[in-house]
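Novice: Could you work out the structure for the sequence below:
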Amino acid sequence: MRIDKYLWCVRYYKTRNMVTEACKKNHVTVNGLVAKPSKEVFPTDKITFRKDQITQIITVLDIPENRVSAKLVDIYRRNDTPAEAYQHLELLKLSKEHYRKNGTGRPTKKDRRDIDEFGNEIITEEED
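Specialist: Purely as a prediction, here's the structure:
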């Protein structure tokens, strides 16, 4: 089965076009070699690809006939991605939330005034 179809079938990407784009950008490797979208994969192949700031490593266990449900994905692949990669993603999410809470949108006029006032305080302290 083609690599683009396989990654789509085991639900790592929403569309085959997304997998094709990832392959063209050299984000997908099979057994250590950069893979084109038409690269054939077989059981025991090790696939490495970069998605959502994580380098995913999976091993092909079997080839599905077509796209499988999320419950059956583990029959066709084994996830060998280290736990540290997922912990790193959690830290990235927390650091983004620390900067600005989700859903608060753009700064208000009051936020902008507070930011300017804070900047002015720093400048006046340096001049003293």
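Novice: the helices in the chain, which residues?
Specialist: Ranges of helices within the chain are 3-9, 16-24, 73-76, 83-99, 109-127, based on DSSP state H.
Novice: Which secondary structure elements does the fourth one sit against?
Specialist: The reference is to helix 83-99. If you count contacts as 3 or more C-beta pairs under 8 Å, 6 or more residues apart in numbering; DSSP states H and E, helix 83-99 packs onto strand 54-60. To be clear about C-beta, it is placed using only N, CA and C from the backbone, and glycine gets the same treatment.
Novice: Tell me which strands the strand it packs on pairs with, and in which orientation.
Specialist: strand 46-51 (antiparallel), strand 77-79 (antiparallel) (DSSP bridges).
Novice: highest average neighbour count across those strands?
Specialist: strand 46-51 (a mean of 18; mean count of other C-beta atoms under 10 Å).
Novice: Give me the residues contacting it.
Specialist: Strand 46-51 is contacted from outside by 3, 6-7, 12-13, 22, 27-32, 35, 41, 55-60, 80, using C-beta atoms under 8 Å, 6 or more residues apart in numbering.
Novice: Need the buried ones from the residues you listed selected in ChimeraX.
Specialist: Selection of buried members from the contacts of strand 46-51 for ChimeraX, criterion 16 or more other C-beta atoms under 10 Å:
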select :3,6,7,12,13,22,27,28,29,30,35,41,56,57,58,60
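Novice: Alright, I will stop here.
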